[in-house]
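Enquirer: quick one: sequence and predicted model below, then my questions.
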Amino acid sequence: MFYHVWWPGQGNDPMYLANTNMNQSRNNYYGNNYTPHMYTNGTDSGSNTTNWKNDPKNFLNEVGLHEIKITGTQSENSIDFKIVSSSVKSSKEGEDVRLFVATVMDKVNYLNSYNGLTNHHSAAIELLLGNAGKKISYIGSVNYIESFNWTIPDSWLDHRDITFDSNDLTVIAWIQNYSTKNILQVAEFNFD
């Protein structure tokens, strides 16, 4: 998933402008000050494509203690979905664990792009539980349920510089230790 920023251009990226608060908040949370820039499981992977390929491999064999299930339906530009999250063990006292839910457009065309990149993938649209997520103190084997009814915002639908197919809409949910930035579990749901 990608957050868009207000540089190196003149702050005119339509995916940034469609939700400046979210994009700035997430950029500041990670302490980012250049682009392109990737973070893997909360750790800085920089802008080196070798790191982008290799860093995720370090986490492939880890067994997570959390689970996320997503179910839902789509009707044109609107989606209804439910997220069930749980943990096999209870959260530790004082642990800052948060659930995030993002709507993401898999493919966006921006033909007049300032930097010449006209095809954008996995562009974040909105964080549905707020830019800082929802703090949850998990109790072992207890399900936490969040239900959503969401429509693609007009700032995307009416934008004259970007095009997309609403069938490319995806929901990504993740559980994150907000203090360490480590991702504890993630799930993606496509509505097709």
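Expert: Looks like it came in fine.

Enquirer: now stretch 134-142: mean pLDDT?
Expert: Mean per-residue pLDDT for stretch 134-142: 95.

Enquirer: what's the single longest helix in this protein?
Expert: What stands out as the longest helix in the chain, according to DSSP state H, is helix 20-30.

Enquirer: what's that one packed up against?
Expert: With contacts taken as 3 or more Cβ pairs under 8 Å, 6 or more residues apart in numbering; DSSP states H and E, helix 20-30 sits against strand 119-127. Placement of C-beta: from N, CA and C, glycine included.

Enquirer: okay, buried residues for the strand it packs on please.
Expert: Across strand 119-127, burial judged by 16 or more other Cβ atoms under 10 Å covers His120, Ser122, Ala123, Ala124, Ile125, Glu126, Leu127.

Enquirer: against Tyr144, how distant is the second one?
Expert: When distance is defined by Cβ to Cβ, to the nearest Å, Ser122 is 25 Å away from Tyr144.

Enquirer: and the contacts of the longest helix of the chain?
Expert: Residues outside helix 20-30 that contact it (Cβ atoms under 8 Å, 6 or more residues apart in numbering): 3-6, 15-16, 39, 42, 124, 126-127, 131-132, 181.

Enquirer: and Phe189, how many residues sit next to it?
Expert: Using other Cβ atoms under 10 Å, Phe189 is surrounded by 17 other residues.

Enquirer: right, and it touches Gln74 too?
Expert: No: counting by Cβ atoms under 8 Å, Phe189 sits too far from Gln74 to count as a contact (10.2 Å).

Enquirer: apart from its chain neighbours, what residue comes closest to Trp6?
Expert: Tyr16 (5.6 Å; Cβ to Cβ, 6 or more residues apart in numbering).

Enquirer: do the same with Tyr110
Expert: That would be Ile162: by Cβ to Cβ, 6+ apart, it lies 5.1 Å from Tyr110.

Enquirer: tell me the contacts of that neighbour?
Expert: Counting by Cβ under 8 Å, 6+ apart, the residues that Ile162 touches are Pro14, Met15, Val108, Asn109, Tyr110, Trp156.

Enquirer: need the buried ones from these selected in ChimeraX.
Expert: Selection of buried members from these for ChimeraX, criterion 16+ other Cβ under 10 Å:
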select :14,15,108,110,156
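
Enquirer: buried residues in stretch 50-57?
Expert: Neighbour-count burial for stretch 50-57 [16+ other Cβ under 10 Å]: Asp55.

Enquirer: do stretch 40-53 as well
Expert: For stretch 40-53, by 16+ other Cβ under 10 Å, it's Thr40, Asn41, Ser45.

Enquirer: ok, so of these, who is nearest Val88?
Expert: Of all those, Asn41 has the smallest distance to Val88: 19.4 Å, by Cβ to Cβ.

Enquirer: per-residue pLDDT, the closest one?
Expert: 84.
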